[in-house]
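*Asks:* Build me a model from this:
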Amino acid sequence: MKLSGVIPACILPMHPDGSIDETAYAAHLEQLVSTPGVRGLTCNGHAAEVSTLSREERRRAVDIAVATVAGRVPVICGIHARDHREAAAYAGDARAAGADALLVLPPDSLAHDADPAAALRHFEHVASTVPLPLVAFVYPDFTGMQYGAQLLERICTLDAVVAIKEWSLDIRVYERNLGIARSAGHEVTMLSSFSTNLLPTLALGADGILSGHGSVVAGLQAQLYERVAAGDLAGAREVYGPLQTLTAVVYRDPMPNMYARMKEQLVMLGAELTPTVRAPLVPVTEAERADLRRALSEAGLLPAGARS
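*Replies:* Okay, here's the model as predicted:
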């Protein structure tokens, strides 16, 4: 399997009481898969507030994603687990639902520079549990769950690993990891998740974009990716300006609030959902809401008559 192009990591709409809004979720998925340039969808990732979801909720989310997408693009399911037992359960559920690939997030137990062998064993365990392609999720240094060069090289030697979701947030590390992907011995595609610096990463070399921000701006991301791929740097800069206007407000500190901000912007763009996020995440403030609306307007995305 070759994963490439724009692959949004989907948000998960919720009712005001925090339960999953399945109707709004299916509509969100349909809107994304219908966007020109979208070549895949990711469910149960960070943008879906996966750490707050029960096993049954994760299972239901991937069921809805697979049913809605109906084979039009690959569905990648995030595996965020505390241990091997949970990882096996979530991976099995994803396979049973019909997911096409798994996005393997580092377990929290691998924080603070844990033994690299433990991280490699986690990938080997997931790969042995289900025969699905795997995407390695590379974290930034500040999380304490980053992968060093030697570890990532070993992960990429696993036949099941077909892509890297690169979120190092360091252009030098990105370039190093790109080299690792390109010399893996089998095809490992590079999917940039460096949402605040997409143009530089695409210019260095990327096969696609896998980002939660794609839930809001998949169309702009697709235009950016396609123009860079065509060698149209001037055209890419025209798209990048509006994208940077939006990322400046969505990804500012405190960073975990990005998901509430994305949901707010989707509401402003006319999506039939509430901006509810699960505690301890908090709703945006009125000042933030004004900034989010202003950014959409400056980027030329806010339609006339859109809701506040």
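*Asks:* what are the ranges of the helices in the stretch 201-308 of the chain?
*Replies:* 214-229, 233-250, 258-268, 286-298 (DSSP state H, counting those that start in this stretch).
*Asks:* right, and the ones you listed - which one's nearest residue 145?
*Replies:* helix 258-268 (18.1 Å; Cβ to Cβ). For every residue, glycine as well, the C-beta is placed using N, CA and C.
*Asks:* that's a strand at residue 136, yeah?
*Replies:* Yes. Looking at residue 136 with DSSP: H, G, I helix; E, B strand; the rest coil, it is inside a strand.
*Asks:* What's opposite it in the beta bridge?
*Replies:* Beta-bridge pairing for residue 136 (DSSP bridges): residue 104, residue 164.
*Asks:* what about it, neighbour count?
*Replies:* By the criterion of other Cβ atoms under 10 Å, residue 136 has 26 neighbours.
*Asks:* Spit out the contact partners of it.
*Replies:* Contact analysis of residue 136 by Cβ atoms under 8 Å, 6 or more residues apart in numbering lists 104, 123, 147, 152, 155-156, 161, 163-165.
*Asks:* May I ask which of these has the most neighbours?
*Replies:* Within the contacts of residue 136, neighbour counts (other Cβ under 10 Å) peak at residue 164, which reaches 31 neighbours.
*Asks:* Adding mean pLDDT, distance to residue 3 and mean neighbour count, write the helices of the stretch 201-308 of the chain out as JSON lines.
*Replies:* Below are the helices of the stretch 201-308 of the chain laid out as JSON lines (pLDDT from 0 to 100; distance: least, Cβ to Cβ, whole Å; neighbours: other Cβ atoms under 10 Å):
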{"stretch": "helix 214-229", "mean pLDDT": "98", "distance to residue 3": "13", "mean neighbour count": "23"}
{"stretch": "helix 233-250", "mean pLDDT": "97", "distance to residue 3": "21", "mean neighbour count": "17"}
{"stretch": "helix 258-268", "mean pLDDT": "98", "distance to residue 3": "22", "mean neighbour count": "23"}
{"stretch": "helix 286-298", "mean pLDDT": "97", "distance to residue 3": "29", "mean neighbour count": "16"}
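*Asks:* okay, the ones you listed in CSV with distance to residue 117 next?
*Replies:* What follows is the helices of the stretch 201-308 of the chain, written out as CSV (distance: least, Cβ to Cβ, whole Å):
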stretch, distance to residue 117
helix 214-229, 33
helix 233-250, 36
helix 258-268, 32
helix 286-298, 43
